[in-house]
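Undergrad: sequence? don't have it. structure:
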Ligand code: BES
Ligand code: MN
Ligand code: ZN
């Protein structure tokens, strides 16, 4: 990742290959707020009209490049749109920094002259630089990413003089490393990230102190009665794994359990998916990637919250050994489940992991999963659904997400779905909704059966986990790392309130 320095220097005299300035809109036209003001002044009165004639209107997402011809030290100035001057939020800054970074070519250093009024703004700018600069170059023979890579970024802000601002930078680095790590795992081709390879990769990470990683293989999963994970994994040549990560700070104020869906590839199994749905299904371990990366970040930041993280990893494949529609699986807590559709596999692996999480009696359980296409139908590709058995938690998570620039929205778990989940004629539970409506609610209602008596929330990231379209803001194509920032900030807010997240 790029190295970031914070500096309270004058933008015009800053030595960097590229100088980025933020341009906002007002009713009177364009303005250049913050440390960019001096840059606009150095160009003289013609600056804003020049931007306009380049077709630049100051909207979010816009960039314009201007050779500086000696007016400032950097040879290139990049103007990036901030939108309405009155509404330059941390997320607007994060996106602007990301857009600017993505537009930079063949430069090893860049300075960012964006306005910042507090430390949250500084953290957001740094995150935008680090997240927007992400590039998955592992499988390219010629390193195209080298043309994009910035070695050092200087973030210009008067707040650099404040002592506390260093912590904002450390937070941005820890969080961005976690998001980019999740992205790498999601983008890795599924043949190179089988359950065993994924588990090995987690175990091989440099663990911060007080972190312990434990991997359960297939025999151990059998011994521990994890019939959901085994049932989903049994069709594949690549056996399943369960990864447990514990982070135990010295004086925890709260104990948070995180659970992630880690389907390294979801073909649908015997209920095989149609061709169009198969291409992106390497992303089906995004929930596991998010909870693992967030746990490591929380530990790196030494947050005083105990975290127990459970990642259920399996490959969902059709074969002669695969679970069939009609089979019955026995989950760790003894509940039997009639399988109707082997493509609804996520809830089966989560069931075992949720049982395990609940056995520790944590203060609350949060699971993250690319669980249902229905959630994408309901909320689109950029918003995650939040479903919970606790009203406070269901509202706290979207609020937390909003503070870090992620989008989550509450959905209900209804009585109607509870009855449907319990309507199997031969087993305790029915795995799949008998009708094609409310799939996200049914799935959450199924999961709720395994966390009775515990405060629990489920985050369905089927939409935002993977960007199938063009890059935007600081979001690249492919794996996005959705959920990581919300989880880390949620743990941080538990640490601050010392309470239970309500
Ligand atoms: N992994 C999918 C859900 C998904 C869909 C993730 C789109 C990302 C993008 C999940 O395992 C699945 O196949 N769900 C089925 C459930 C159905 C069979 C009840 C779905 O949504 O169609
Ligand atoms: Mn599926
Ligand atoms: Zn799936």
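TA: Yes, it's here. This is a predicted model, so every value here is computed, not measured. Ligands and ions are numbered 1, 2, ... in the order given.

Undergrad: going by C-alpha atoms from here, please, whenever you check contacts or count neighbours.
TA: OK.

Undergrad: per-residue pLDDT, residue 434?
TA: If you check residue 434, the pLDDT there is 84.

Undergrad: which single residue in the stretch 51-200 of the chain comes nearest to ligand 2?
TA: Across the stretch 51-200 of the chain, no residue is closer to ligand 2 than residue 190, which sits at 14.7 Å (CA to the ion).

Undergrad: tell me the SS of the nearest residue to that residue once chain neighbours are set aside?
TA: Using CA to CA, 6 or more residues apart in numbering and skipping residues adjacent in sequence, the residue nearest residue 190 is residue 282, 5.4 Å away. Using DSSP: H, G, I helix; E, B strand; the rest coil, the structure places residue 282 in helix.

Undergrad: what about residue 282, how many neighbours?
TA: When neighbours are counted by other CA atoms under 10 Å, residue 282 registers 26.

Undergrad: which residues touch it?
TA: 186-190, 263-266 (CA atoms under 8 Å, 6 or more residues apart in numbering).

Undergrad: equivalent analysis for residue 407, please.
TA: Here residue 407 is in contact with 382-384, 398, 401 (CA under 8 Å, 6+ apart).

Undergrad: do residue 190 as well
TA: 264-265, 282.

Undergrad: relative to ligand 1, how far out is it?
TA: Distance of residue 190 to ligand 1, given as CA to the nearest ligand atom, to the nearest Å: 14 Å.

Undergrad: the residue in the stretch 51-200 of the chain positioned nearest to ligand 1 sits in which helix or strand?
TA: Using CA to the nearest ligand atom, residue 186 is the residue of the stretch 51-200 of the chain that sits closest to ligand 1, at 11.9 Å. According to DSSP states H and E, residue 186 maps onto helix 165-187.

Undergrad: residues of the stretch 201-350 of the chain that sit close to ligand 2?
TA: Residues of the stretch 201-350 of the chain lying near ligand 2 by CA under 5 Å from the ion: 268, 343-344.

Undergrad: okay, now residue 377: neighbour count?
TA: Going by other CA under 10 Å, the residues that sit close to residue 377 add up to 12.

Undergrad: low-confidence stretches in the stretch 51-200 of the chain?
TA: Where the stretch 51-200 of the chain drops to pLDDT under 70, the residues are 144-145.

Undergrad: returning to that earlier point: how about the contacts of residue 190 in JSON lines, adding distance to ligand 1?
TA: Shown next, in JSON lines, are the contacts of residue 190 (distance: CA to the nearest ligand atom, whole Å):
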{"residue": "264", "distance to ligand 1": "10"}
{"residue": "265", "distance to ligand 1": "9"}
{"residue": "282", "distance to ligand 1": "9"}
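
Undergrad: how about the secondary structure of residue 393?
TA: helix.

Undergrad: that one and residue 178, how far apart?
TA: 23 Å (CA to CA, to the nearest Å).

Undergrad: with residue 422 instead?
TA: 38 Å.

Undergrad: return the residues of the stretch 151-300 of the chain in contact with ligand 1.
TA: Counting by CA under 6 Å from any ligand atom, the positions of the stretch 151-300 of the chain adjacent to ligand 1 are residue 284.

Undergrad: and the residue of the stretch 101-250 of the chain found nearest ligand 2, how many neighbours does it have?
TA: Ligand 2 sits closest to residue 232 of the stretch 101-250 of the chain, with a gap of 10.1 Å, by CA to the ion. Around residue 232 there are 32 other residues, counting by other CA under 10 Å.

Undergrad: what comes up buried for the strand or helix carrying residue 494?
TA: According to DSSP H and E, residue 494 maps onto helix 484-497. Applying a neighbour-count criterion of 16 or more other CA atoms under 10 Å, one finds 484-495 buried in helix 484-497.

Undergrad: also stretch 20-32?
TA: Buried, per 16+ other CA under 10 Å, within stretch 20-32: 20-25, 30-32.

Undergrad: who touches the nearest residue in space to residue 234 that is not next to it in sequence in this structure?
TA: Distances taken as CA to CA, 6+ apart place residue 322 nearest to residue 234, at 5.4 Å, with adjacent residues excluded. By CA under 8 Å, 6+ apart, residue 322 lies in contact with 231-236, 269-270.

Undergrad: can you do 10 Å?
TA: 231-236, 269-270, 316, 342 (CA atoms under 10 Å, 6 or more residues apart in numbering).

Undergrad: how about the contacts of residue 190 in a markdown table, adding pLDDT and distance to residue 291?
TA: Output for those, formatted as a markdown table (pLDDT from 0 to 100; distance: CA to CA, whole Å):
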| residue | pLDDT | distance to residue 291 |
| --- | --- | --- |
| 264 | 99 | 15 |
| 265 | 98 | 18 |
| 282 | 98 | 17 |
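
Undergrad: between those, which sits nearest residue 147?
TA: residue 282 (27.3 Å; CA to CA).

Undergrad: my guess is residue 474 contacts residue 482, does it?
TA: No - distance between residue 474 and residue 482: 12.0 Å, which falls outside the contact criterion (CA atoms under 10 Å).

Undergrad: neighbour count winner among those two?
TA: residue 482 (28 against 23).

Undergrad: these two touch, right, the more buried one and residue 179?
TA: Yes - in this structure residue 482 lies within contact range of residue 179 using CA under 10 Å: 7.7 Å.

Undergrad: need the overlap of contacts for these two.
TA: Residues touching both residue 482 and residue 179 comprise 289-290, with contact defined as CA under 10 Å, 6+ apart.

Undergrad: any buried residues in stretch 99-118, and which?
TA: In stretch 99-118, counting by 16+ other CA under 10 Å, buried: 99-102, 104, 107-116.

Undergrad: okay, and which of those residues map to helices?
TA: Here DSSP state H is the test, and the buried residues of stretch 99-118 give 99-102 as lying in helices.
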